[in-house]
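Trainee: Provided below are the primary sequence and the corresponding predicted coordinates.
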Amino acid sequence: MNHPTENHLISSEILDRILNKIGTLLKQEVSLKQTLREQDSQNQAANEELFLELLEVVDALDFLMEYMANNPDPSPQFIQRLPKSVGSVQKKLLNILGKRQVTPIELEGNQLDFELCKVVDREIKPDQPPQTITKVVRQGFRVNDKVLRPIEVITSKLE
């Protein structure tokens with residue numbers, strides 16, 4: 001019977017195995033810490049790249065806002081070019097997202113898919129089958145294969 005005050009001896013073979021295991025664990029710890037430092041560095045670089053790309057969008061918006069502030073009565077040519085200018089800012093943002101695998105969700109037809117859509121309203125459309133998409137209110141996006149934000153839609157109802 002073991003008594004709490006008894007001394008136990010560990011064989012040298014077991015002691016060697018324990019010390020080898022401790023050595024292996026210490027090496028793994030150092031390796032994991034190095035990997036974490038490398039990942040942190042990569043994440044920081046990726047974030048900085050994203051921030052610089054977003055700042056280009058901010059610059060484009062600043063230019064438009066400054067122009068409008070300095071020209072309270074803009075020329076018809078400016079007004080005519082405004083949709084194209086805003087569209088180029090939107091395109092730049094979508095490209096930034098696309099580089100990070102964030103893409104718009106594309107629906108085939110106007111049939112409701114509850115995995116991709118969120119119904120935000122319904123409207124009476126007796127000429128269409130119930131739950132037919134009548135309008136997309138807000139574009140949905142996915143990151144890789146995961147729905148990041150569903151498409152917000154209005155659907156038909158009979159009455």
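Mentor: That came through, no problem.
Trainee: ok, longest helix in the protein?
Mentor: helix 12-70 (DSSP state H).
Trainee: Check whether the nearest residue to Thr132 once chain neighbours are set aside sits in a helix, strand or coil.
Mentor: Here the nearest residue to Thr132 in space, its sequence neighbours aside, is Ser156; by CB to CB, 6 or more residues apart in numbering that works out to 4.5 Å. Just so you know, the C-beta spots here come from the backbone N, C-alpha and C atoms, and that holds for glycine as well. Following DSSP: H, G, I helix; E, B strand; the rest coil, Ser156 is assigned to strand.
Trainee: Test my guess that Ser156 contacts Thr134.
Mentor: Yes: counting by CB atoms under 8 Å, Thr134 is a contact partner of Ser156 at 5.3 Å.
Trainee: Summarise which helices and strands the helix or strand hosting Leu93 is packed against.
Mentor: If you go by DSSP states H and E, Leu93 is part of helix 76-98. On a contact count with 3 or more CB pairs under 8 Å, 6 or more residues apart in numbering; DSSP states H and E, helix 76-98 meets helix 12-70.
Trainee: The helix it packs on packs against which elements?
Mentor: Using 3+ CB pairs under 8 Å, 6+ apart as the contact test, the elements touching helix 12-70 are helix 76-98.
Trainee: got the buried residues for the helix it packs on?
Mentor: Within helix 76-98, the residues scored as buried using 16 or more other CB atoms under 10 Å are Val89, Ile96, Leu97.
Trainee: just stretch 37-54 next, same as before
Mentor: Buried, per 16+ other CB under 10 Å, within stretch 37-54: Glu53.
Trainee: State the mean pLDDT of it.
Mentor: The predicted model assigns stretch 37-54 a mean pLDDT of 95.
Trainee: list the contacts for Val102?
Mentor: When contacts are counted by CB atoms under 8 Å, 6 or more residues apart in numbering, Val102 touches Phe141, Arg142, Val143, Leu148.
Trainee: For the first one, what are phi and psi?
Mentor: When you say that, I think you mean Phe141. phi -140, psi 150 (degrees, to the nearest 10).
Trainee: Skip the chain neighbours and tell me the closest residue to it.
Mentor: Nearest residue to Phe141 in three dimensions, chain neighbours excluded: Leu148, at 4.7 Å (CB to CB, 6+ apart).
Trainee: Good, we can wrap up now.
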